[in-house]
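Asker: Quick check, what structure comes out for this input:
(one chain, ligands or ions: 1)
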Amino acid sequence: MSASQPVTDRVRVRAPGKVNLALRVGAVREDGYHPLATVFQALSIFDELGAHPAAAGRYDIRVAGDQAHLVPADDSNLAVRAARLLASRHGGEARYGVDLRIRKTIPVTGGMAGGSANAAAALVGCAALWGIDINPDELRELGAELGADVPFCLLGSTALGHGRGDDLVPVLSRGGYHWVLALPDVELSTAAVFRRFDDMNPDADPTPPPVPSGLLEGLASGDVRRVAENLVNDLEPAAVSLRPHLAELLDAGRDAGALAGIVSGSGPTCAFLTANEDAAVRLSGVLSGLGLCRQVRRACGPVPGARQVA
Ligand code: C5P
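Answerer: Now for the predicted structure:
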């Protein structure tokens, strides 16, 4: 098949990071993945991706941002793999090309699905650049081939996830939630945290525990305190055991007025839920002053999934 001309000059896409309001984990499966029961919320911490035209067969990538040096700028990058996967399902990789430029603000290997957000953005961006008409279900299926969190980064808002976390149903959620994120100066590999979970839970049940019903009720009624009381992360003990400093950070945030604090996903980012925007501003000030982490950021949720913005 001949090379396809891009249908537009350049596409810009914004994709959010996430926090797991509940992350319940079952025993490891034969395929190495863990069955999950999880509630995701997409947060207003975004990576931006530009998809620029390139010669057919070329898949290039550049990454900017203060943690760019931690991100592979080659074929192993999940965004490049996403672009190639989309092309291969729609006429072949040799038919299309793209020059991807990513500006990262989601913490890298931080437990907020930054790599998955970039893959989601690449799928949306390349489909628009190449004029591929693809429906949201097909996009999510491609996303699931790339990583367990990619379908949620496409969907956004608030969703219940089962299976590897990629079998999604939207969750009714009222109101906005104000978070303070503490970004420690360490990285954590998701796979290593799951392995530590296995070591610490040799008798884990093949079926994950259910997400707390109080969490879903709190979200449905917009009751931030009820939500805070029901935040749960089964990976937190594993993340803290690999990075003991996280326990101190979590205590500091709780002592400084957070309604609740949890490790985000597999960590090491710690996410503190606050009563309102003023409380979030105060908490971020106190946490910044303590000097326990690399950076303190505020974020709101829920927000939409990966979207074209230009
Ligand atoms: O799917 P993704 O590549 O994002 O997952 C990274 C790693 O996290 C997997 O290789 C696996 O070790 C672990 N994982 C898991 N169970 C899940 C999701 C991820 O064990 N449900």
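
Asker: Correct me if wrong: Lys104 contacts Ala64.
Answerer: Yes - with contact defined as C-beta atoms under 8 Å, Lys104 reaches Ala64; the gap is 7.1 Å. C-beta: built from backbone N, CA, C; applies to glycine.

Asker: In terms of packing, which of those two has more residues around it?
Answerer: Set side by side, Lys104 and Ala64 show more neighbours around Lys104, with 22 against 11, by other C-beta atoms under 10 Å.

Asker: following the helix or strand where Pro151 lies, which helix or strand shows up next?
Answerer: In this structure, Pro151 sits in helix 150-155 according to DSSP states H and E. Downstream of helix 150-155, the next assigned helix or strand under DSSP H and E is strand 158-162.

Asker: And that following strand, what's buried?
Answerer: Residues of strand 158-162 classed as buried: 158-161 (neighbour count, 16 or more other C-beta atoms under 10 Å).

Asker: same check, this time on stretch 130-150
Answerer: The neighbour-count check on stretch 130-150 (16+ other C-beta under 10 Å) flags 130, 132, 134, 139-140, 142-144, 146-150 as buried.

Asker: and what of stretch 228-236?
Answerer: Neighbour-count burial for stretch 228-236 flags 228, 230-236 (criterion: 16+ other C-beta under 10 Å).

Asker: Figure out how far it is from the centre of its chain.
Answerer: Stretch 228-236 sits 17 Å away from the centroid of its parent chain (C-alpha atoms, centre = their mean, to the nearest Å).

Asker: cool, and stretch 97-114?
Answerer: Offset of stretch 97-114 from its chain centre (C-alpha atoms, centre = their mean): 10 Å.

Asker: Can you check the distance spanned by it, start to finish?
Answerer: Using C-alpha to C-alpha, to the nearest Å, one end of stretch 97-114 lies 23 Å from the other.

Asker: for that stretch, which positions count as buried?
Answerer: 97-104, 106-114.

Asker: Which of those residues fall within helices?
Answerer: Gly114 (DSSP state H).

Asker: Start and end of stretch 211-231, how far apart?
Answerer: Using C-alpha to C-alpha, the span of stretch 211-231 from its first residue to its last is 9 Å.

Asker: Quick one: mean pLDDT over it.
Answerer: In this model, stretch 211-231 has a mean pLDDT of 98.

Asker: So which bits of it are buried?
Answerer: For stretch 211-231, the neighbour count (16+ other C-beta under 10 Å) marks 211-212, 215-216, 218-219, 223-224, 226-228, 230-231 as buried.

Asker: contact partners of it?
Answerer: Contact with stretch 211-231 is made by 21-22, 24, 37-39, 158, 160, 171-175, 177, 232, 259-260, 262, 273, 275-276, as judged by C-beta atoms under 8 Å, 6 or more residues apart in numbering.

Asker: Enumerate the residues of the stretch 51-200 of the chain near the ligand.
Answerer: Residues of the stretch 51-200 of the chain lying close to the ligand (C-beta under 6 Å from any ligand atom) are 147-149, 164-165, 190-191, 194.

Asker: any chance of these in a markdown table, plus secondary structure?
Answerer: Shown next, in a markdown table, are these (DSSP: H, G, I helix; E, B strand; the rest coil):
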| residue | secondary structure |
| --- | --- |
| Gly147 | coil |
| Ala148 | coil |
| Asp149 | coil |
| Arg164 | coil |
| Gly165 | coil |
| Thr190 | helix |
| Ala191 | helix |
| Phe194 | helix |
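
Asker: Dump those residues to JSON lines, plus distance to Leu292 and pLDDT.
Answerer: Shown next, in JSON lines, are those (distance: C-beta to C-beta, whole Å; pLDDT from 0 to 100):
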{"residue": "Gly147", "distance to Leu292": "30", "pLDDT": "96"}
{"residue": "Ala148", "distance to Leu292": "30", "pLDDT": "95"}
{"residue": "Asp149", "distance to Leu292": "27", "pLDDT": "97"}
{"residue": "Arg164", "distance to Leu292": "32", "pLDDT": "96"}
{"residue": "Gly165", "distance to Leu292": "29", "pLDDT": "95"}
{"residue": "Thr190", "distance to Leu292": "23", "pLDDT": "94"}
{"residue": "Ala191", "distance to Leu292": "26", "pLDDT": "95"}
{"residue": "Phe194", "distance to Leu292": "26", "pLDDT": "98"}
